[in-house]
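Enquirer: Fold the following and give me the result.
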Amino acid sequence: MYDDFYRLSARPFQLTPDPDFYFESATHKKALSYLGYGLAQSEGFIVITGEVGAGKSTLAAHLLASIDPAQLTAAQIVTSKLDGQELVHMAARAFGLDVAGHDKAAALARIEAFLHDEARAGRRCLLVVDEAQNLSVEALEELRMLSNFQLGAHPLLQILLLGQPEFRTLVQHSPRLEQLRQRVIATHHLAPMEPDEVGPYVEHRLARAGWNGNPAFEPRVYADLARASGGIPRRINQILSRVLLAGALEQTNRIEAGLLHAVLDDMAADSAAPAPEAAAEPAQAPQAAPAMPQAASAQALGLTTDTFHGEGEAQQPASQTQTHAFDLAAIEAAMASRDEQIAELQQAVIEVAEMRAAMGDQAAAAQADGEARTAALEAALSDAAARIGVLEHRLAEQEQAIRHVLTMLIEWFETDRPKRAA
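Expert: Presented below is the predicted three-dimensional model:
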């Protein structure tokens with residue numbers, strides 16, 4: 001509707017990826033540099049990640065539209081929750097191979113034969129896997145096995161993985177993906193656009209749809225749009241589609257900040273609006289540069305030589321990476337010490353009882369010597385009582401400390417409340 005009112009040849013802010021509307025922001029330009037380096041290596045994995053709507057699929061579509069099919073045969077799959085066997089069959093279908101039934105071995109054989117034929121024809125093969133965060137570790141291992149196909153010393157298949165930030169975390173930290181991790185030759189995280197890129201992005205997409213200045217945009221609109229969208233391209237498209245529709249309904253030829261905020265309020269009311277960014281400028285996500293064989297090659301390409309595990313990688317939140325260990329050996333030692341003290345106390349009681357019995361026998365045997373022995377026994381009894389008192393006090397302290405430790409353990413494992421400091 002609004003495209004007719006503003007005399008546009010297409011809808012410039014559609015949500016589906018379209019390479020004709022590709023806009024090269026700073027982060028997308030850097031991603032293309034990494035892609036170019038990775039494709040030049042003709043092997044291994046390239047990993048591109050970004051938030052939902054950051055432009056990963058549009059970047060891939062732009063790449064596929066710009067490659068020379070005489071030199072590179074590319075296929076793309078969008079994954080859901082697939083196991084390894086299903087992924088192999090989907091990869092075969094992406095390259096146009098007909099594999100009957102669900103025979104994984106037959107599918108692998110068809111893929112390998114196809115890759116050999118392409119290599120003999122002078123073409124390399126690229127498999128683009130979108131939404132890679134949906135893949136299981138087993139499916140990722142199947143992709144790694146596909147990347148093992150070779151003709152002599154030349155690898156036959158290169159794989160581009162596109163995923164959300166959690167996929168980057170999985171690849172970086174899963175011990176089960178160490179072999180795949182070693183084959184990642186380039187990686188980049190798509191950051192949100194900078195606030196000063198939002199205006200050029202909007203006008204670029206409008207120009208691609210035949211925009212001739214109608215509608216005009218109040219300059220403040222771009223700054224407010226950058227804050228509301230967080231610099232995420234799909235959020236910008238979502239908001240501006242509604243804004244242009246509202247402008248067409250009001251038959252206005254100028255988009256002002258008031259109209260934008262009215263649309264944002266409407267979208268918030270029907271839960272269609274994205275959460276606004278807290279800061280005026282979205283934070284730049286850390287970039288991880290590809291690992292290159294030599295520094296000279298990196299300088300020639302204008303890239304850094306940080307490896308996939310370099311300092312530029314995003315750090316894991318402490319709540320995910322911290323591990324908690326309790327010194328159970330210390331607790332067991334405390335329990336053993338308590339048992340020893342109890343045994344010592346019991347022995348003291350026995351000794352007192354024996355002393356009293358001996359005192360009675362001695363009094364009956366020798367009255368004259370009884371008073372001296374009685375005094376000695378009473379002194380010994382007093383000393384034993386003192387020892388008992390000391391042991392009882394130590395036992396009470398040990399029991400209190402152990403109960404406190406056990407209470408902390410129970411709170412730690414069975415409650416979600418903040419943990420009390422030891």
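Enquirer: I'd like the next helix or strand past the helix or strand hosting residue 196.
Expert: For residue 196, the host element (DSSP states H and E) is helix 195-208. Using DSSP H and E, the helix or strand that follows helix 195-208 towards the C-terminus is strand 216-217.
Enquirer: which residues touch that following strand?
Expert: 199, 202, 203, 253, 254, 255 (Cβ atoms under 8 Å, 6 or more residues apart in numbering). C-betas here are computed from N, CA, C, even on glycine.
Enquirer: buried ones in the helix or strand just after it?
Expert: Remark: after strand 216-217, the chain's next helix or strand is helix 219-229, criterion DSSP H and E. Across helix 219-229, burial judged by 16 or more other Cβ atoms under 10 Å covers 221, 222, 223, 224, 225, 226, 227, 228, 229.
Enquirer: Output the contacting helices and strands for helix 219-229.
Expert: Applying 3 or more Cβ pairs under 8 Å, 6 or more residues apart in numbering; DSSP states H and E, we find helix 219-229 packed against helix 195-208, helix 233-250, helix 257-269.
Enquirer: Now with 10 Å, please.
Expert: Secondary-structure packing of helix 219-229 (3 or more Cβ pairs under 10 Å, 6 or more residues apart in numbering; DSSP states H and E): helix 195-208, helix 233-250, strand 254-255, helix 257-269.
Enquirer: Now that we have the contacts of strand 216-217, which of them are buried?
Expert: Using 16+ other Cβ under 10 Å as the threshold, 199, 202, 203, 255 are the buried ones among these.
Enquirer: returning to what we had before: pLDDT averaged over the helix holding residue 196 - what is it?
Expert: For helix 195-208, the mean per-residue pLDDT is 95.
Enquirer: Which parts of the chain belong to which domain?
Expert: 2-12+194-269, 26-192+288-321, 328-414 (automatic domain parsing).
Enquirer: for the first one, the distance to its chain's centre please.
Expert: To tie it back to what came earlier, the one meant is domain 2-12+194-269. 32 Å (Cα atoms, centre = their mean, to the nearest Å).
Enquirer: Quickly find the element holding the residue lying closest to residue 49 once chain neighbours are set aside.
Expert: Among residues not flanking residue 49 along the chain, residue 168 sits closest, at 4.2 Å (Cβ to Cβ, 6 or more residues apart in numbering). According to DSSP H and E, residue 168 maps onto helix 165-173.
Enquirer: Tell me, how many residues neighbour the closest residue to residue 156 other than its chain neighbours?
Expert: Spatially, and ignoring its direct neighbours in sequence, residue 156 is nearest to residue 115 (3.8 Å; Cβ to Cβ, 6+ apart). By other Cβ atoms under 10 Å, 22 other residues sit near residue 115.
Enquirer: excluding its backbone neighbours, what's nearest residue 126?
Expert: residue 74 (4.4 Å).
Enquirer: how about the one you found, secondary structure?
Expert: For residue 74, the assignment made with DSSP: H, G, I helix; E, B strand; the rest coil gives strand.
Enquirer: Equivalent analysis for residue 410, please.
Expert: Per three-state DSSP, residue 410 ends up helix.
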